[in-house]
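Peer 1: Sequence and predicted structure, then a few things I'm wondering about:
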Amino acid sequence: MSINRRQFLKLASVSTILGVGSAAAITSISRSGLEASQSSPDPKGLKAKRWGFVVDVSKLKTEEDYQKCIDACHNIHNVPTLKNPKHEIKWIWKDDYEHTFPNMAEDKIMNKELQEKNFLLFCNHCANPACVRVCPTQATFKRKSDGIVMQDMHRCIGCRFCMAACPFGARSFNYVDPRKDNAIKVENKEFPTRMIGVVEKCTACYERLAVGKQPACAEASDGAIVFGDLEDPKSEVRRLIAEKYTIRRKPELGTQPGIYYVIGGGEHV
Ligand code: SF4
Ligand code: SF4
Ligand code: SF4
């Protein structure tokens with residue numbers, strides 16, 4: 001069943017009145033559900049104190065390597081493909097070294113090969129998220145249990161304060177109705193579509209974590225994106241951060257991004 005905003009509100013109100021409802025539908029799209037999904041009733045649900053990512057760009061060699069990660073995310077989340085590039089909606093995308101690490105762009109000593117690479121970018125699920133601080137409706141909020149920065153499209157009033165505040169361009173605004181003009185080629189009926197006038201972004205595949213699955217981009221990446229608990233010293237992400245030379249985007253801004261990029265092997269930070 002495809003779920004849109006109107007159908008959801010109807011379902012939620014009926015469920016509240018009757019005291020029943022589809023747990024799956026509600027946990028997937030309501031604010032209370034988004035919060036509730038932090039204590040997923042599914043015993044297979046993945047848990048962490050703070051989820052994070054390590055992206056090893058040396059494992060992204062071809063255009064297809066990048067594209068399959070992007071497609072995996074955008075296809076399951078009904079991210080529309082819109083004709084006007086100014087209306088682009090992106091949850092995960094690629095960009096060059098200069099735009100990814102502008103603070104290091106002038107370092108001519110930096111590895112030449114690295115400077116010519118593209119990087120996979122998505123919401124950093126910052127520990128100190130600028131977007132959350134400015135949101136007047138709490139439509140964007142940091143989930144207490146695992147640090148995911150969530151986006152509740154139903155509370156969003158489209159003021160775009162969060163877009164101005166995010167230093168990483170990780171948020172997209174729906175300038176046009178994404179449900180029109182065949183913008184979603186093959187709709188995933190298990191995930192809601194959005195409407196004009198709301199902001200959206202990567203939500204760390206919270207809906208997949210709740211049923212024990214890895215984020216779709218990590219799963220599609222053949223090991224280039226590793227996902228895990230940044231607060232667990234025994235996790236794979238912590239091992240990689242300890243053993244490889246990693247950097248984060250714009251650390252000087254103090255948002256404490258949860259994505260680490262491997263830019264060297266073997267060296268300690
Ligand atoms: S990357 Fe931007 S949108 Fe994501 S948590 Fe950080 S400030 Fe918010
Ligand atoms: S656009 Fe939506 S999520 Fe962003 S600050 Fe405004 S209400 Fe919050
Ligand atoms: S974590 Fe999930 S939502 Fe975020 S970019 Fe990867 S696939 Fe998309």
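Peer 2: Nice, I can see it. Ligands and ions are numbered 1, 2, ... in the order given.

Peer 1: how about the residues of the stretch 151-269 of the chain near ligand 1?
Peer 2: Within reach of ligand 1 by Cβ under 6 Å from any ligand atom, the stretch 151-269 of the chain has these residues: 166, 168, 170-171, 201, 255. C-beta coordinates here come from the backbone N, C-alpha and C atoms, glycine included.

Peer 1: Report the contact partners of the residue in the stretch 1-150 of the chain positioned nearest to ligand 3.
Peer 2: The stretch 1-150 of the chain approaches ligand 3 most closely through Cys73 (3.1 Å), counting by Cβ to the nearest ligand atom. Residues near Cys73 by Cβ atoms under 8 Å, 6 or more residues apart in numbering: 79, 91-92, 122, 202, 205, 215-217.

Peer 1: For the residue nearest the centre of the chain, identify the helix or strand it belongs to.
Peer 2: Taking Cα atoms, centre = their mean, the centroid of the chain lies closest to Cys202, which sits 2.3 Å from it. In this structure, Cys202 sits in neither a helix nor a strand according to DSSP states H and E.

Peer 1: and stretch 168-186, does that touch ligand 2?
Peer 2: No: counting by Cβ under 6 Å from any ligand atom, no contacts exist between stretch 168-186 and ligand 2, the nearest distance being 7.0 Å.

Peer 1: and for that stretch, what are the contacting residues?
Peer 2: Looking at what lies outside stretch 168-186 - Cβ under 8 Å, 6+ apart - the contacts are 4, 75, 78-84, 86-91, 121-124, 131, 151, 158, 160, 162-163, 193-202, 249-250, 257.

Peer 1: so how far is that stretch off the chain centroid?
Peer 2: Centre-to-centre, stretch 168-186 and its host chain are 15 Å apart (Cα atoms, centre = their mean, to the nearest Å).

Peer 1: Give me the mean pLDDT for it.
Peer 2: The predicted model assigns stretch 168-186 a mean pLDDT of 95.

Peer 1: again, but for stretch 52-59
Peer 2: Here the average pLDDT along stretch 52-59 is 96.

Peer 1: Report the buried residues of that stretch.
Peer 2: 52-57 (16 or more other Cβ atoms under 10 Å).

Peer 1: cool, stretch 123-137 as well?
Peer 2: For stretch 123-137, by 16+ other Cβ under 10 Å, it's 123-127, 129-132, 134-135.

Peer 1: Per-residue confidence at the residue nearest to the centre of the chain, what does it come out as?
Peer 2: Looking at Cys202, its pLDDT is 98.

Peer 1: For it, list the residues it contacts.
Peer 2: Counted by Cβ under 8 Å, 6+ apart, Cys202 has contacts 73, 91-92, 122-123, 125, 170.

Peer 1: do Asp146 as well
Peer 2: With Cβ under 8 Å, 6+ apart, Asp146 has these contacts: 38, 47-51.

Peer 1: rewinding a little: so which of the contacts of stretch 168-186 are in strands?
Peer 2: Residues of the contacts of stretch 168-186 located in strands (DSSP state E): 121-122, 151, 199-200.
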